[in-house]
Structure formats: structure tokens, C-alpha cells
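# Sequence first, then the predicted structure:
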Amino acid sequence: MKEEDFEPVDLGYFFPDEEKPKKRQDAFDTDIVVFTAKQQKLVDTLNEMLANSKDAGATHIDHMEYFRKRVENLKSLAAAIAEFPSLLERTEIANRERTPQSLIESLVNSTREGDTTLQLPSKATLGKGFLVAKLHTFSNLVKLAREAKLGDEIINDIHAETTSMMFLLLAEDVYLNLIRDTSLSMDARRQLASALLLLWEHRADQNIDDIAPVLQAVWIARAKLAPAFGTMMGTSELFTITFSLDDQWSKFIGSRLQDEDVKMAMEEFLFGISYEQILKLKSILREKGIAAIGRQEVSYYLGESVMTELSQDYRDFFQQYSIRRDNARVRNRLKIPGPHKTLEDHFISFVMQLNIEKQKQDAAARNDN
């Protein structure tokens, strides 16, 4: 099939008329969202709780001032990013025309290996910095709420939003991985590139609500694997621990687990060590005739320090993901055994494909009416 046989992707395709993003008072000309409606409500609630706090001392004043400055800093940063050309509009840059479609084609046709930071639009790179700053702000707001003794509910709600921002960073990274994946259809890669442009433009993603809660639940479910770390043989039964977590996850496991790459990526995710370390540990346990070991013994038997603690910290989640991602890229580039994608790659690809199919069905239904 020739390149010109593919139809251009309409970015509006991702948003039925009633779901298209509307401008908010906290959004600038480019629609970059400083706070979502949910986040704005949390910020307003926190501000009100601090204002009504019985603590009128110096610490309370410091809390209020810190809160105000960080929010203003975020708005200033968003305003500066808004000055850069929109990624969803036709733009003239150095006598060259840039359109959303040309950006999509550039992304899907790129054959560059390694870090692509210098090839990405400035707005994409700056927006990522904004999201990291926003994540740090919300993380510090959690600490502020704890110090001000504002109660578990507001603390947990702010922490949940902080974790959601981490998953937004992760989704952006996965989109870039999948766009370069030539095993996917060109149509799927173009759809992913379109989703990435929308994420870059708004620093929000409509797919994140489908992705974040499931991956976080699977991450937490790893704790149940502690007694089964043992021989690491017959891990298929361990996957069933996560099977009942979510209907979408169950569909993913049921339809994709027979894929060897998915199975290997799942092992890495659940056990928290690399494919190569898993093979080595299995071999050692077989040779020594050891039936089971604890997580704290893994470093000893591997002869190297590895992190196997069952942390629930979102920063550890992202760090572990980045390690598995880098390892997968090396294996793919060198064509060596082991997972060539992360579990996150596989799951997000699955979710995106389901969403694309649903959108096509909805579009067909509207056309029939």
C-alpha cells in the first residue's frame, strides 16, 4: 500500500462535538490547562481550609504564602508557553509552513534512534516542564496539607491528582514509543500521533482516565506476589492475581497474554527486575534446589543490588518504568531476546485500539442516522 493511500487524520475525530474542549478561565489562548475542573476544586478547597485554619501563627502565614506563590508560578509558566505557536494550527516558521498533519507525518516517519528531545516542537518540551512543575507543586501541597493537619480526605485527593500527572508523563513517553513501532499499522500510529499532539497542546489526555487507575491497581497488586517470588516458575498463575482488578484489564490479559512479549513484559513489571535477572535467578534457584526466596534475598543471589521493595510511591513507579523502557529499547535495537516493549506500551496500545474502534463505531452510527 502506498503512503498516499492513507487518509489524513482529522484531530476533531477524537472529540465528538459535545466533548470538544471548551475554553476555561484558567486556560490561555492555546488551551493549555493550568488546572482541570477537579484540580481547581481541590485548589479552591485547600485555599479555603488554610484560610479557615485555627492556626494563626507564623507557620500558617508561611503556608498561605507558599500556596499563593506556587499557583501564581504555574499560571505564569503556562502563560509563557501559550506564546509559542499552537501545534493544532497552520503556522509559518522560518519561511516553512507547519501544519498538524505535517507534524503527524514527521512523527510517524521518523527513523531516529535515541533521545529525540531536540527534534520535538518547543511547545512540547516546554509543556513537559510545565507538567513536571505542576506535579511537584501538587506533591508539595500534599506535604503542606499534612503539616497544616487538614485531614486525610483532602490529602488523599491531592495525592491522587499528583499520581495522575505522573501517568500523564508516562502516557506521553509511551505514545512516542508506539508511534515509532513499525509493527503497528500506519493508521494506528497516525492516531497515536494525533493523540500526542492533543496532549502536547493541552497538557491533558482524554485516555488517561482509562489508563491510570488500572496500572496503579496492578502496581499495588504486586504486593500479593511477595510469597510467590520463590522459584519464579509457572508465573501464569501469578497473573491471575491481577485478573479481577478491572474489566478492561481482564480483556487485555485474556486477549494478549498469549503474546510472548506481553508475558515477558508482565514478568518484569510484577517482579521488579529485568528479564535477564529473572532468567539468571531462575537458573540459580534450579541449580541450588531452592524452593522459595524472599524479596530481600534477591540481591544476594544475583550478586548485585536490585530494588525489589514494594513501594507505592508514584516516583518509584515512573523510575521502574523508565528502567524497563530503556532495557526494552536496547533489546529491540540490538535484536536480542527479552521484551522489546514495556507492559505499559502493550496496555496503552490495547486501550487506544479499543478507543479507536469505538470511535469508528460511533461515527458509523451517526452517519446511519
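Yes, it's here.
# All the helices of the stretch 51-200 of the chain, residue numbers only.
58-81, 100-109, 122-147, 152-179, 186-202 (DSSP state H, counting those that start in this stretch).
# elements contacting the helix or strand following the last one?
Elements were assigned by DSSP states H and E; along the chain past helix 186-202, the next helix or strand is helix 208-221. Helices and strands touching helix 208-221, by 3 or more CB pairs under 8 Å, 6 or more residues apart in numbering; DSSP states H and E, are helix 152-179, helix 247-256, helix 343-368. In this view, the C-beta of every residue, glycine as well, is placed from N, C-alpha and C.
# okay, those helices, which one's buried deepest?
helix 152-179 (a mean of 20; mean count of other CB atoms under 10 Å).
# pLDDT weak spots in this protein?
Counting by pLDDT under 70, the chain has low-confidence residues at 1-31, 54-60, 223-244, 310.
# domain assignment for it?
15-206, 212-368 (automatic domain parsing).
# before we move on, back to that, so of the helices of the stretch 51-200 of the chain, which one's packed in deepest?
Mean neighbour counts for the helices of the stretch 51-200 of the chain (mean count of other CB under 10 Å) peak at helix 186-202, with a mean of 22.
# related to what we said a few turns ago, in a markdown table: the helices and strands packed on helix 208-221, plus distance to residue 78.
Output for those, formatted as a markdown table (distance: least, CB to CB, whole Å):
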| stretch | distance to residue 78 |
| --- | --- |
| helix 152-179 | 14 |
| helix 247-256 | 32 |
| helix 343-368 | 26 |
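# quick one, which of those is nearest to residue 73?
Proximity to residue 73, assessed across the helices and strands packed on helix 208-221 by CB to CB, is greatest for helix 152-179 (15.8 Å).
# on contacts alone, who are the packing partners of that closest one?
Looks like helix 152-179 contacts helix 37-51, helix 122-147, helix 186-202, helix 208-221, helix 314-334, helix 343-368 (3+ CB pairs under 8 Å, 6+ apart).
# can you list the ones you listed in CSV and add distance to residue 270?
Formatted as CSV, the helices and strands packed on helix 152-179 follow (distance: least, CB to CB, whole Å):
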stretch, distance to residue 270
helix 37-51, 31
helix 122-147, 26
helix 186-202, 26
helix 208-221, 8
helix 314-334, 11
helix 343-368, 9
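# Among those, which comes closest to residue 252?
helix 343-368 (4.9 Å).
# can you state the direction angle for the closest one and helix 186-202?
Here the directions of helix 343-368 and helix 186-202 differ by 100 degrees (axes from the mean of the first three to the mean of the last three CA atoms, to 10 degrees).
# Against which helices or strands is helix 343-368 packed?
helix 152-179, helix 186-202, helix 208-221, helix 247-256, helix 260-271, helix 314-334.
# how close does residue 134 get to residue 304?
Separation of residue 134 from residue 304 (CB to CB, to the nearest Å) stands at 36 Å.
# cool, and residue 326?
17 Å.
# Then residue 132?
Relative to residue 304, residue 132 is positioned 30 Å away (CB to CB).
# in stretch 288-303, what counts as buried?
Across stretch 288-303, burial judged by 16 or more other CB atoms under 10 Å covers 293, 295, 298, 302.
# and the first one, which of the three is it?
Just to be clear, that refers to residue 293. State at residue 293, reduced to three classes by DSSP: H, G, I helix; E, B strand; the rest coil: coil.
# Which phi and psi values does it adopt?
phi -140, psi 160 (degrees, to the nearest 10).
# Burial check on residue 38, number of neighbours?
12 (other CB atoms under 10 Å).
# How about residue 220: what's its closest non-neighbour residue?
Leaving aside its chain neighbours, residue 220 sits nearest to residue 312 (6.4 Å; criterion: CB to CB, 6 or more residues apart in numbering).
# Surely that neighbour forms part of a helix?
No: counting by three-state DSSP, residue 312 is not part of a helix but coil.
# Distance check, it against residue 163.
Taking CB to CB, one finds residue 312 at 10 Å from residue 163.
# now swap in residue 39 and tell me
As for residue 39, its distance to residue 163 is 13 Å (criterion: CB to CB).
# How far away from the center of its chain is stretch 288-300?
For stretch 288-300, the distance from its own C-alpha centre to the chain's C-alpha centre is 32 Å (CA atoms, centre = their mean, to the nearest Å).
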